Every structure is written in C-alpha cells, then in structure tokens.
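A.B. asks: quick one, structure for this:
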Amino acid sequence: MQFRIDKKSNLKLSVLGFGCMRFPRNLGAIDMQKTEKLIMDAIHGGINYFDTAYIYPGSEEALGTILQKNKAREWIYIATKLPLILVQGYDDFDKFFNKQLERLRTSYIDYYLMHMITDMAYWEKFKNWGIEKWIEEKKQSGQIKQIGFSFHGSQAEFLKVLDSYSWEFCQIQYNYSDPNFQAGLVGLKKAAESMSVIIMEPLLGGKLANSLPQKAVDIFKKANPALSPVAWALRWIWNHKEVSVILSGMSDKNQLAENLNIADTAFPQMLTEQEHETYSDVLNVFNSAYKIRCTGCNYCMPCPKNINIPGCFASYNNSFSMGFSSGMKQYITSTALVSDNPSNPLRCVKCGMCEQKCPQSLGIIRYLEIVRKRMEPFWIRGIVKIARSFLRKRARPRQRV
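C.D. replies: Okay, here's the model as predicted:
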C-alpha cells in the first residue's frame, strides 16, 4: 500500500480508503460475516482510512462492532460525519455525535466531517448556531482529532467555504467524467495547498465501472487490454499529486483485491499523453449516452409518493448507453410499471423534497418529466394498460363450477 502524508497532522494515510456506504447486505440488512471479512482483509491489505456516516443505514454500528471484536480500533483512522440535514439546533450537535461514538464503540473520531455542505449560506446557518464553539470544545477534549467537511455544490461556493474556517481536510467528488463538476480541479488544487483532500465518487456511483457504453469499454481495451474500466478511472485520479485518499465503496472481495492491486501501481503524474487522449475519446462517448448524472446514492429516497427515482434515472441512461429495449426492460422492472401501484414519474407531485436532499443538486422534478416522456410514450402506456388488465384477471380467484 502507498501512503500520502496528511499536511495538517503528518499522519500517513493509505491512498485507498474504504467507503462504508455499500457494505454487503442480505435481505436489506448488512451481512456482518461478509462485511467483517472485507474490513479485516482491507486492513491487512494496508487500508487505514475508513469513511462512514450517521445516515448510512447500519454502517457505523457495523464498523464499530467489527473493530471492537477484532481489537482493531487503533489500527485505522475512522472518518464519519455530522448529519447537518437532521440538525435543528445546538443541542443536536452533541446528540448525534454521542450516538456516533456509541455506534462506533470509540471515545474519539479521527476525521470528523460536516456532512454535505452545499454553499456558504448553509454553513453560515450552523455557524450562527455555535458550531465553531462546539468543534473547538470537542478538539480540546480530544474527541475530534481532525475537522473537515464534505461538499456538494458549486465551485465558487466551495472556495468560499474553504476560506471560512480553519479546516484540516475536505472531501469532494472528483472523477474523469467531469473535472469541473462541483469543487472541480480548481477546488482540488486550492484545497491541497494546505490540507488533505479525500475523493468520493471516483467511479460516479459505479457508472464508470459497470455502465460504460460498450464503445467506451472498447476504446479502453484497445489502449491497454490489461486495464479494466475501474483501473482507468482510479489511475486518472491518483495521477493528481493533490489527491490524498480515494474512497471506494467495496462490497465484495474481488473489488477489494482489484482496488488494492491498482493502488500499488498508481502514482502521481504517471499518465502519458496517449493515455490522456484515450480518456478524451471515452468521455466523448460517455457524455453522449449518460444524460442524467445520478450516482444512485439514494439520498433522495424514500419519495413520499414512492417513486423509484434512482431506478428511473438509471433505466433512462441505460436506454441510451445499452439500447432502448434494454433500458425499457429495466424501467418496467424497477418501477413496477405494470402493477396497480407503480413507482413511476407520473406519481410526482413536485413537492421538492428530493431536490433538497440530492448531493448532486440535480433538477430531479424536471428530469423525472424528461424520463416519463421518453420511457412512457403513448404506445407503451397502451401496452401497460393491457398488461395490467391481464394481470388483474389472472389474480382473480376462479369460481367453482
């Protein structure tokens, strides 16, 4: 494992971090046996930075339980986040923080983040509630070692937030699909002048690994058959000397093994001019097929009207990248379109709750209407109507003669 030095603490951080939002699950619950094996294999593989959050269902509890069981707490650095979206006032800072210590079975947090800051006005609200005083108290007590923030907003707002407090690290989205998205390259370089920068969504929620158009995959294979799309994506980020840690939400042993191998062979400024041209060619193909930049994080869920928002967007994108019939098949399945209680965009009442929670700041209401127009043309609605009628008849109990 390679390590990069934290500019503030001088700690050695593994270049590959473990994102704990996508632990393996069984019937909705975290599979503790598989998760324990993954975490311990990751630690033995050299990973020492584990990122979780209050709002990741079951994640903090699982991580804390496994570390305590294996007496591994002191082997790693825990990063978790204050759920600002749930905070209603000063007293909530302690309420959530103390619950996190309990879940994680620890007396301190190594890297603590203000979760999902979107702009300066949002951060100012918490400053007015006394968050800076609270942070200072926790740092003096040793309960928080390093303080930072995760960001989901515009580049201009990122730079304002960056200068508004004595942050010790930050976490931003960054990948080759759009180097100017959110904080972007400008934000990365500015932050890296004085602090460690942690990268989230390196694979755009898996889209750069599993949902690339075949033409894009073929371009990568032609350039270097030995590298997978995942390797291309991670190597592009590690090529930046400003990056401290890349977070990857690994959910099986094969993903872990591949990422560990890539981490051992990726270095700053390693990419050739020809490889940069390959990324440009792939990006041209990707942008023509990937219309809605949803990462499938599910922060927008549950929808009050039970619309499967991530499923709608994924099937819409796949209708371009994999073909209309493939996307339509996924759409019908993910929205239960032929049932009497579907979860399709037609149910949207434009309440806006989803847009308030979206880390990507997507215009979800507008996008749902776009999805509906493409995925539910008049002839599809006719077929669905016939299918529903047929299923109702099949569901009726037969009368005895």
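A.B. asks: C-alpha only now, for contacts and for neighbours.
C.D. replies: Noted.
A.B. asks: state the distance from the closest residue to Ile109 other than its chain neighbours to Glu137.
C.D. replies: Excluding the flanking residues, the one nearest Ile109 by C-alpha to C-alpha, 6 or more residues apart in numbering is Ile144, at 5.1 Å. Look at Ile144 and Glu137: by C-alpha to C-alpha, to the nearest Å, they are 9 Å apart.
A.B. asks: neighbour count: the two, which is higher?
C.D. replies: It is Ile144, of Ile144 and Glu137, that has more neighbours when counted by other C-alpha atoms under 10 Å, with 19 against 13.
A.B. asks: wait, that one sits on Tyr111?
C.D. replies: Yes - with contact defined as C-alpha atoms under 8 Å, Ile144 and Tyr111 form a contacting pair (7.0 Å).
A.B. asks: list the contacts of stretch 57-68.
C.D. replies: When contacts are defined by C-alpha atoms under 8 Å, 6 or more residues apart in numbering, stretch 57-68 is touched by residues 20-21, 23, 29-30, 32, 36, 39, 52-54, 73, 100, 103-106.
A.B. asks: who are the contact partners of Phe23?
C.D. replies: Ile30, Asp31, Thr35, Ser59, Gly249, Met250, Ser251.
A.B. asks: list buried residues within those.
C.D. replies: Burial by neighbour count, judged by 16 or more other C-alpha atoms under 10 Å, picks out Ile30, Thr35, Ser59, Gly249, Met250, Ser251 from the contacts of Phe23.
A.B. asks: mind listing which of those residues are in helices?
C.D. replies: Thr35, Ser59 (DSSP state H).
A.B. asks: tell me the domain ranges of this structure?
C.D. replies: For the chain, automatic domain parsing gives the domain ranges 3-288, 309-395.
A.B. asks: in the stretch 251-400 of the chain, which spans are strands?
C.D. replies: Counting by DSSP state E, counting those that start in this stretch, no segments of the stretch 251-400 of the chain form strands.
A.B. asks: any low-confidence regions in it?
C.D. replies: 322, 338-340, 380-385, 387-400 (pLDDT under 70).
A.B. asks: element containing Val197, please.
C.D. replies: strand 196-200 (DSSP states H and E).
A.B. asks: how about the helices in the stretch 1-150 of the chain?
C.D. replies: Secondary structure of the stretch 1-150 of the chain, counting by DSSP state H, counting those that start in this stretch: helices at 32-44, 59-69, 90-104, 120-128, 131-141.
A.B. asks: buried ones in the longest one?
C.D. replies: So that's helix 90-104. Phe93, Phe96, Phe97, Gln100, Leu101, Arg103, Leu104.
A.B. asks: which strands and helices lie in contact with it?
C.D. replies: Packing partners of helix 90-104 (3 or more C-alpha pairs under 8 Å, 6 or more residues apart in numbering; DSSP states H and E): helix 59-69, strand 77-82, helix 131-141.
A.B. asks: follow-up on the earlier one: which among the helices of the stretch 1-150 of the chain is found nearest to Gln2?
C.D. replies: helix 32-44 (13.2 Å; C-alpha to C-alpha).
A.B. asks: and the closest one, what's buried?
C.D. replies: Met32, Lys34, Thr35, Glu36, Leu38, Ile39, Met40, Ala42, Ile43.
A.B. asks: widest-spaced pair of the residues you listed?
C.D. replies: The span of the buried residues of helix 32-44, defined through C-alpha to C-alpha, is set by Met32 and Ile43 at 16.2 Å.
A.B. asks: quick one: end-to-end distance for stretch 176-192.
C.D. replies: 18 Å.
A.B. asks: any buried residues in that stretch, and which?
C.D. replies: Tyr176, Ser177, Phe181, Gln182, Ala183, Gly184, Leu185, Gly187, Leu188, Lys189, Ala191, Ala192.
A.B. asks: which of these sits closest to Cys351?
C.D. replies: So of the buried residues of stretch 176-192, ranked by how close each gets to Cys351 (C-alpha to C-alpha), first place is Gln182, at 24.9 Å.
A.B. asks: the closest one contacts Gln171, correct?
C.D. replies: No - using C-alpha under 8 Å as the test, Gln182 is too far from Gln171 to be in contact (11.4 Å).
A.B. asks: tell me what Gln171 is bridged to.
C.D. replies: Ser150, Ile198 (DSSP bridges).
A.B. asks: that one and Pro342: what is the separation?
C.D. replies: 37 Å.
A.B. asks: with Glu275 instead?
C.D. replies: For Glu275, the distance to Pro342 - C-alpha to C-alpha - is 45 Å.
A.B. asks: please say which of those two ends up with more neighbours.
C.D. replies: Ranked by neighbour count (other C-alpha under 10 Å), Glu275 and Pro342 place Pro342 first, with 19 against 16.
A.B. asks: check contacts around Asp6.
C.D. replies: Lys12, Leu13, Met195, Ser196, Ser244.
A.B. asks: repeat that for Asn48.
C.D. replies: Going by C-alpha under 8 Å, 6+ apart, Asn48 touches Leu13, Ser14, Gly17, Trp75, Ile76, Tyr77.
A.B. asks: hang on, the earlier thing: now for the residue nearest to Ile109: which residues touch it?
C.D. replies: Contacts of Ile144 (C-alpha under 8 Å, 6+ apart): Tyr108, Ile109, Asp110, Tyr111, Tyr112, Ile135, Lys138.
A.B. asks: and if you look at Gly327?
C.D. replies: Gly327 neighbours (C-alpha under 8 Å, 6+ apart): Ser315, Tyr316, Asn317, Asn318, Ser319, Phe320.
A.B. asks: surely the second one is in contact with Arg372?
C.D. replies: No - the pair Tyr316 / Arg372 is not scored as a contact, 9.1 Å apart, by C-alpha under 8 Å.
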